[in-house]
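Enquirer: I'll drop the sequence and a predicted model, then ask my questions.
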Amino acid sequence: MTQPTPLPTETPEQLAAFEARIQNGEKIEPGDWMPAAYRQQLIRMISQHAHSEVVGMLPEGAWITRAPSLHRKMILIAKVQDEAGHGQYLYHAAETLGATREQMLDALLTGKAKYSSIFNYPTLTWADIGMIGWLVDGAAIKNQTMLAGASYGPYSRAMVRICSEETFHHKQGKEMVVAYAQGTPAQREMAQDALDRWWWPALMMLGPSDKDSPNTPQLMRWGVKLKTNDEVRQEFINEHAPELIEAGLTIPDPLLHQDEQGNWIHGPINWDEFWQVVKGHGQMNRARLEARNRAHDDGAWVRDALNAYEARQHSQAAD
Amino acid sequence: MTQPTPLPTETPEQLAAFEARIQNGEKIEPGDWMPAAYRQQLIRMISQHAHSEVVGMLPEGAWITRAPSLHRKMILIAKVQDEAGHGQYLYHAAETLGATREQMLDALLTGKAKYSSIFNYPTLTWADIGMIGWLVDGAAIKNQTMLAGASYGPYSRAMVRICSEETFHHKQGKEMVVAYAQGTPAQREMAQDALDRWWWPALMMLGPSDKDSPNTPQLMRWGVKLKTNDEVRQEFINEHAPELIEAGLTIPDPLLHQDEQGNWIHGPINWDEFWQVVKGHGQMNRARLEARNRAHDDGAWVRDALNAYEARQHSQAAD
Amino acid sequence: KRALITRLQALADDEIILAHRDSEWTGHAPILEEDIALANIAQDEIGHALMYLTLREQLDGQQADQLTFFRGPREYTNVQLVELPKGDWAFTMLRQYLYDAFEALYLDALRASTYAPLAEVANKAVREEKFHLQHTALWVERLGLGTEESRRRLQDALNTQWAYTSQLFQPTDGEAELIAAGITPDPAAVHARWDGLVRAHLDRSGLQVPAGDGHPFTRAQHSEALLYLLTEMQSTAREHADAQVW
Amino acid sequence: KRALITRLQALADDEIILAHRDSEWTGHAPILEEDIALANIAQDEIGHALMYLTLREQLDGQQADQLTFFRGPREYTNVQLVELPKGDWAFTMLRQYLYDAFEALYLDALRASTYAPLAEVANKAVREEKFHLQHTALWVERLGLGTEESRRRLQDALNTQWAYTSQLFQPTDGEAELIAAGITPDPAAVHARWDGLVRAHLDRSGLQVPAGDGHPFTRAQHSEALLYLLTEMQSTAREHADAQVW
């Protein structure tokens, strides 16, 4: 992870004033004083988030060439385009904290930076595209809605913009899955299979359980996160479980049930699998990093040409 | 094309003795005296023939991964393997005339050497695999049977061996097409379409009409060819036309008819197309040469490693 | 009517196949900005194809998705230029430029169509197309005047692609009637404008247009590359051939 | 019976998928002799798959071609090692070597099967397999002791592939019964022999076996690579799903 620029020793007064601003609900803006640890955590989170958008283009992008109708093909192209756009805003937001795009990309390509573990699961049928829209974007929206209230201005504003687009993707994903669940037997089976494969990864993508999430208290104190992972996960399940059941699908968790407060309580999550995937042993980790690296390496001569052309234009303009 | 090693001026006596041997039906063997032009023509013919086997692996090899049954997949793998083997014998036969494999490959990869124009047509359906076996191998067999009588020993013997394997491929190809012509409507249509696309190219692959084939008289005098292109073409049509009709297929030549001698007479051949393809403007010329060049380039490090390993073994053996 | 259907399908097929090739870059472009730009172009192309096919449906009732996902390589009528494998970034940008120049000029002429629905489609599409052309023309200039390597790659692409371009301007079956009736533009006239525009830009970008005639292919002839493309493109639709809703 | 069917299908699926990857080299190998050798290996693999599937057909009547061409990626039970994309020649030869060593030892043990038809198949296949193993073991040595580049490429391949190998030795569902009845060999015992054989050869060839556990995948889990492979492999059969004869 990129290290923040070394700062003069932070005084307790500075820190207190900073925390008071956050307490007051003020947004922290790029030029403002902030603790080095705040800067560092934000760069980590925002760049991970950006990487997730960029890597997330791969499992979905692969289906543009396999979409079953021209209409769905257009929608999917538009969606993946949006994701690339989100990657752009987010890299830009991280740049306001002093990280450079090159540093961040380098961290991604060498495997030092993380991206959402969900994208290391394979997309094996077209129904996966619908299910990703419904569950993965659904989970992302819960998280991003929370982050839209984050204390860092550029991140908060990026989240607002991203959320509104994601909401649209979420709706389209749900619409697809609901239609397939009522379609031909093969479509129905495909929808159920997609749910079987994506349900648990979607729960896991909201992050480790609170007790294994040591950063959370500090992040909440600084107003970067407003809710814990488990709280966001509960919101996600409460919304999606009844809708999936309503669609006629079976959630692959025999212990799932509603408690007296109306919360849907899930069975135990296989966190071993989560950590395996995070550590690089998911089904697609290797392929995803290879694809990104290949794109980067194959594009080197193009970026060189761009730079050479720009330099030439400048020197001509200077003449 | 590779130039023959310069020879001392050939005397009329040598030439007469050489031609007398051929007249007597003797085979010319690698160490024997032969005119430079004879050597040169043979190298040209044999290496073209070898290149055709090697390039011919591409249109068929691409269907190993698309064969519709395990049985057909095995048969096709075996067939393509045979073709690679034919390439090997033929390169070897050309080597007995002083050409090196490197020279010949270089001529192929740079586009200087030719290979059979038929392989610049695309294989677009599985029925093409059957049709190639029936028509293309069928035409090749007619030509090769004739060449099995050629005056140069190594070429003649290679042809005998190749012909017996090709006969097997021809039989399998015919069996496939006949089965599909009696199969489902879609299979039938696929078989007819394959005939529509391969009939004329198969006629053309036997070479230009005698009046446009200036080498033929000399090659016949030297016993390299025993029949003209048009004669071989006539044999091919006489065998295949009635069998195709018998299979229930329509030959795409409205003027095709049998004359009083029982020969099947074809309508005019579009020799413009033939020359276009020969000159490199067929649908697949570019892709074929690219594929061969890519294989060659990507394999360079492997060949280097092989050489390094051999050298190491030798030096260890010498210790 | 038959002639108009043929032309509409040819226009649609070119867009669909080229959009497929462009889509192969999604997630793999040299800079993130170009993932967006190229996806945008692909999306517009699919949009144009849908407009042409909607016009066709009004003429003979054939449905766009049926035509797109259930015709084989022998039935597609795209030019070979658009089916050539993806290649490198220079190959992709040059092909897109050559095609965009064709499409922008063709649509510009098509706005004068005496067949109102077609003139309307042309009016809509031409604006997008001019934007594409601007984008790809700039890329040709950047790569042509960039580094030695980028110029070489672009020139290689041009050496390969140039002979295929003439196919874009072949009249389709029965088109003479359509031209006479002012329904579609004369491809020869579009060709002349295209030739002037493109040669000037290639020249300005430091490239040499190769000599020689074009390939004499027809829109019925295809390479194996189209087969592989369609196998992928149609796999989902064909696996669920009985599906009513997607 | 269910357990035996599962094991037979697993063996067959590994062969079919690996043969596909090998077939992708046909016409593209670094030397002509290897076009022949690798095609020969692929042919034998398909032959073995057919033998296993014929045994399965005797058990439950399911037909080989139906199983091969009409199951999707979620129903295939091959290990992930064999579905990884083709890679370079080092990747291909190393994978083939690791697999051949497994198969040769597995078949060797399988000759003692108490189920006579299976013992018979093993007897037939083991001879071919030892020949493959000889061929690929030599390639590992050649590349490992060849040039700096060949050693590096081979080591890269090993770094990627090693973690996948443990999957070859996972027991299939219900296999304990089969092992107890002497019908199939204990994969753990085969693993021990394999580990000794392979480590010694890799070491002799100048390679370093990476540390670390294997991937915990099951035979029900697959990467996107398998989907793409099956799309291609099954395209003809699925296009003509009603065909009776091929």
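Expert: Good, I have the coordinates.
Enquirer: residue boundaries of the strands in chain C?
Expert: Using DSSP state E, no strands are found in chain C.
Enquirer: same deal with chain A?
Expert: Going by DSSP E, chain A shows strands at A:257-258, A:264-265.
Enquirer: out of those strands, deepest packed?
Expert: Counting by mean count of other C-beta atoms under 10 Å in any protein chain shown, strand A:264-265 has the highest mean neighbour count of those, with a mean of 16. All C-beta spots, glycine's among them, are computed from the backbone N, C-alpha and C.
Enquirer: Check which helices and strands that one is in contact with.
Expert: Here strand A:264-265 touches helix A:229-246, strand A:257-258, going by 3 or more C-beta pairs under 8 Å, 6 or more residues apart in numbering or on different chains; DSSP states H and E.
Enquirer: make it 7 Å
Expert: Applying 3 or more C-beta pairs under 7 Å, 6 or more residues apart in numbering or on different chains; DSSP states H and E, one finds that strand A:264-265 contacts helix A:229-246.
Enquirer: List the buried residues of the helix it packs on.
Expert: Buried residues in helix A:229-246, counted by 16 or more other C-beta atoms under 10 Å in any protein chain shown: A:Asn229, A:Asp230, A:Val232, A:Arg233, A:Gln234, A:Glu235, A:Phe236, A:Ile237, A:His240, A:Ala241, A:Leu244.
Enquirer: Check what contacts it and list those residues.
Expert: A:135, A:138-139, A:142-143, A:146, A:195, A:203, A:206-210, A:213, A:216, A:251, A:256, A:263-264, A:266 (C-beta atoms under 7 Å, 6 or more residues apart in numbering or on different chains).
Enquirer: again, but for stretch A:72-81
Expert: Outside stretch A:72-81, the residues within contact range by C-beta under 7 Å, 6+ apart are A:57, A:60-61, A:63-64, A:67, A:129, A:169, A:172, C:23, C:26, C:36, C:39-40, C:42-43, C:46-47, C:246.
Enquirer: For chain C, which segments are assigned as helices?
Expert: Using DSSP state H, the helices of chain C run over residues C:2-23, C:32-60, C:64-69, C:80-83, C:89-110, C:116-144, C:148-165, C:175-180, C:187-204, C:224-239.
Enquirer: Tell me which of those helices sits nearest to A:Val224.
Expert: Nearest of the helices of chain C to A:Val224, taken as C-beta to C-beta: helix C:32-60 at 24.9 Å.
Enquirer: got the residues of chain C near chain B?
Expert: Residues of chain C lying close to chain B (C-beta under 7 Å from any C-beta of the partner chain) are C:Pro73, C:Arg74, C:Thr160, C:His215, C:Pro216, C:Phe217, C:Gln221, C:His222, C:Ser223, C:Glu224, C:Leu227.
Enquirer: which residues touch the spatially closest residue to A:Val54 that is not a sequence neighbour?
Expert: Using C-beta to C-beta, 6 or more residues apart in numbering or on different chains and skipping the chain neighbours, the partner closest in space to A:Val54 is A:Gly87 (4.5 Å). Residues in contact with A:Gly87, defined by C-beta under 7 Å, 6+ apart, are A:Ala50, A:Glu53, A:Val54, C:Leu32.
Enquirer: quick one: contacts for A:Gln41?
Expert: A:Asn215, A:Leu219, A:Val224.
Enquirer: Selection in PyMOL covering whichever of the residues you listed are buried, please.
Expert: If you want just the buried ones from those in PyMOL, going by 16+ other C-beta under 10 Å, the selection is:
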select buried, chain A and resi 219+224
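Enquirer: Out of the contacts of A:Gln41, the closest to chain D would be?
Expert: Among the contacts of A:Gln41, A:Asn215 lies closest to chain D (C-beta to the nearest C-beta), at 27.0 Å.
Enquirer: How about the closest one: what's its closest non-neighbour residue?
Expert: A:Gln41 (6.8 Å).
Enquirer: and if you look at C:Asp100?
Expert: Leaving aside its chain neighbours, C:Asp100 sits nearest to C:Leu133 (4.2 Å; criterion: C-beta to C-beta, 6+ apart).
Enquirer: Name all residues that make contact with the closest residue in space to A:Ala291 that isn't next to it in sequence.
Expert: Computed as C-beta to C-beta, 6+ apart, the closest residue to A:Ala291 that is not its neighbour in sequence is A:Leu58, at 5.6 Å. By C-beta under 7 Å, 6+ apart, the contact list for A:Leu58 reads A:Phe119, A:Arg288, A:Ala291, C:Gly27.
Enquirer: Name all residues that make contact with the third one.
Expert: Just to be clear, that refers to A:Ala291. A:Leu58, C:Gly27, C:His28.
Enquirer: in terms of contact, does C:Tyr99 touch C:Ile17 like I think?
Expert: No. Using C-beta atoms under 7 Å as the test, C:Tyr99 is too far from C:Ile17 to be in contact (10.5 Å).
Enquirer: Residues in contact with both of the two, list them for me.
Expert: Counting by C-beta under 7 Å, 6+ apart, the residues touching both C:Tyr99 and C:Ile17 are C:Val82.
Enquirer: follow-up on the earlier one: is it possible to get a markdown table of the helices of chain C that adds distance to A:Ala318?
Expert: Converted to a markdown table, the helices of chain C look like this (distance: least, C-beta to C-beta, whole Å):
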| stretch | distance to A:Ala318 |
| --- | --- |
| helix C:2-23 | 36 |
| helix C:32-60 | 25 |
| helix C:64-69 | 51 |
| helix C:80-83 | 40 |
| helix C:89-110 | 27 |
| helix C:116-144 | 19 |
| helix C:148-165 | 22 |
| helix C:175-180 | 51 |
| helix C:187-204 | 21 |
| helix C:224-239 | 46 |
